[in-house]
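Asks: Have a look at this prediction, sequence included:
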Amino acid sequence: MRFSTKAIHAGQPPDELTGAVNVPVYLSSTYAQSAPNRTRGYSYSRSGNPTRAVLERALAQVEGGRTGLAFSSGLGALATLLGHFPSGSRIVAIDDLYGGSWRLFEHHRRQFGVQTEYVDMTRLGPLVSALQKPTDLVYLETPTNPLMRIADLGAIARVAHRAGALMAVDNTFATPALQRPIERGADVVLHSTTKYLGGHSDIIGGALVLKSRSLGEKLRWLQNAIGAVPSPFDCFLVLRGLHTLAIRMRAHGESARAVAEVLEASARIRSVHYPGLRSHPQHALARRQMDGFGGMLSAELKGGLAEARRFLRRLKVFTLAESLGGVESLIDHPALMTHASVPRAERESRGISGGLLRLSCGIEDPSDLADDVRSALRDR
Ligand SMILES: *Cc1c(COP(=O)(O)O)cnc(C)c1O
């Protein structure tokens with residue numbers, strides 16, 4: 001089956017009891033037992049819930065893994081994954097990391113002695129050097145946030161495995177509609193389902209998909225032990241989001257392309273970061289490993305912070321807000337909002353300047369989005 005068919009059917013047969021085409025929302029914390037410890041597969045909804053089970057199987061299938069696990073947030077998924085690594089473990093992570101993930105890695109360093117080294121993974125050299133020391137996990141995002149850099153999943157899987165490390169990929173930005181890291185060698189895929197998978201800015205959720213059943217079972221044990229599980233209703237909403245993911249990602253991509261072209265043509269813009277543009281330094285790699293370029297992009301205005309503030313005030317369709325991946329277009333000022341906790345010197349050395357804006361292009365009419373950006377760029 002191809003992706004959009006899988007997203008609607010894989011792991012989601014009609015309900016056995018009633019034939020309902022959507023899994024019911026099983027709002028029950030506990031389950032009757034016919035004799036002590038004789039269950040029908042469910043005993044308590046932290047350990048397992050039928051609505052969550054359907055979501056977990058569907059996620060495993062669309063990412064091409066053996067085990068799917070749903071969580072109450074993306075960071076709940078990451079905290080559970082990190083719980084697998086004992087004190088003394090070593091992680092090599094990409095340097096352009098989601099801020100909350102960085103905060104959690106640093107907490108595990110201080111609290112549990114799990115060391116993380118951050119390296120540029122847009123080239124293989126720094127990773128290969130970092131892997132000279134024994135390493136347990138290589139952790140990355142691609143495209144990165146907010147600069148939309150691309151890392152070569154297949155090449156990284158090879159060097160990570162040669163060094164005896166597991167490889168985990170945060171696939172939140174691309175989604176399995178555009179990129180399936182397990183097919184390229186990753187062992188773990190992580191999602192903030194809050195973003196594109198949910199797709200409507202109405203839930204907080206997360207997921208892990210594991211390539212191997214044995215690692216899947218270890219993490220399933222931890223999922224229950226830590227307990228950062230989603231509500232059955234949120235599981236239902238993520239399943240509903242998954243059903244339209246393929247068409248939404250196509251529409252997000254069309255919007256982003258229209259907006260990127262307007263930005264690239266403007267004399268007020270210093271640079272546009274969108275992997276779908278020929279000017280993107282890794283356009284060819286993105287074309288090779290992705291089935292589309294997604295809805296996220298960033299751009300730097302020439303006039304710095306003052307121009308960025310003026311531009312934000314003039315937008316009418318884009319809403320100034322954190323988060324991304326919903327049907328509505330959102331815009332973020334990374335230096336003042338999502339990346340404000342990154343120390344200023346490091347922010348600037350990474351290219352997160354006062355003039356940089358990150359856009360999550362929604363599925364409104366692409367022409368309206370392009371017009372909105374064009375008129376906000378115009379002279380006063
Ligand atoms: C939002 C986000 C997270 C964190 O997910 P939450 O659902 O907010 O906990 C992790 N990684 C990426 C890339 C994100 O965008």
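Replies: Cool, the structure landed.
Asks: Nearest spatial neighbour of whichever residue of the stretch 151-300 of the chain sits closest to the ligand, chain-adjacent residues omitted?
Replies: For the stretch 151-300 of the chain and the ligand, the shortest gap (CB to the nearest ligand atom) falls at Ser192, measuring 3.0 Å. Glycine gets a C-beta too; all of them are placed from N, C-alpha and C. Nearest residue to Ser192 in three dimensions, chain neighbours excluded: Gly74, at 2.9 Å (CB to CB, 6 or more residues apart in numbering).
Asks: Tell me which residues touch the one you found, please.
Replies: Contacts for Gly74 (CB atoms under 8 Å, 6 or more residues apart in numbering) come out as Tyr98, Gly100, Asp170, Thr172, Leu190, His191, Ser192, Thr193, Thr194, Lys195, Gly205, Gly206.
Asks: Inside strands: which ones of the residues you listed?
Replies: Of these, the ones assigned to strands by DSSP state E are Asp170, Leu190, His191, Ser192, Gly206.
Asks: how about the first one, what does it touch?
Replies: In other words, Asp170. Gly74, Tyr98, Ser101, Tyr139, Leu140, Glu141, Val189, Leu190, His191, Ser192.
Asks: out of those residues, which are buried?
Replies: Gly74, Tyr98, Ser101, Tyr139, Leu140, Glu141, Val189, Leu190, His191, Ser192 (16 or more other CB atoms under 10 Å).
Asks: Find the residue closest to the fourth one in space, skipping its chain neighbours.
Replies: Looking back up the chat, that one is Tyr139. Ala93 (4.3 Å).
Asks: A strand includes that neighbour, no?
Replies: Yes. Secondary structure of Ala93 (DSSP: H, G, I helix; E, B strand; the rest coil): part of a strand.
Asks: Would you agree it is in contact with Asp136?
Replies: No. Here Ala93 does not reach Asp136: they are 11.7 Å apart, not a contact under CB atoms under 8 Å.
Asks: Show me which of the contacts of Gly74 is closest to Gly325.
Replies: Distances from Gly325 to these, taken as CB to CB, are shortest for Lys195 (3.1 Å).
Asks: all helices in this protein, in order from the N-terminus.
Replies: For the chain, applying DSSP state H gives helices covering 3-9, 50-63, 74-82, 99-112, 125-130, 153-162, 175-178, 213-226, 232-243, 245-265, 283-289, 304-314, 344-350, 366-377.
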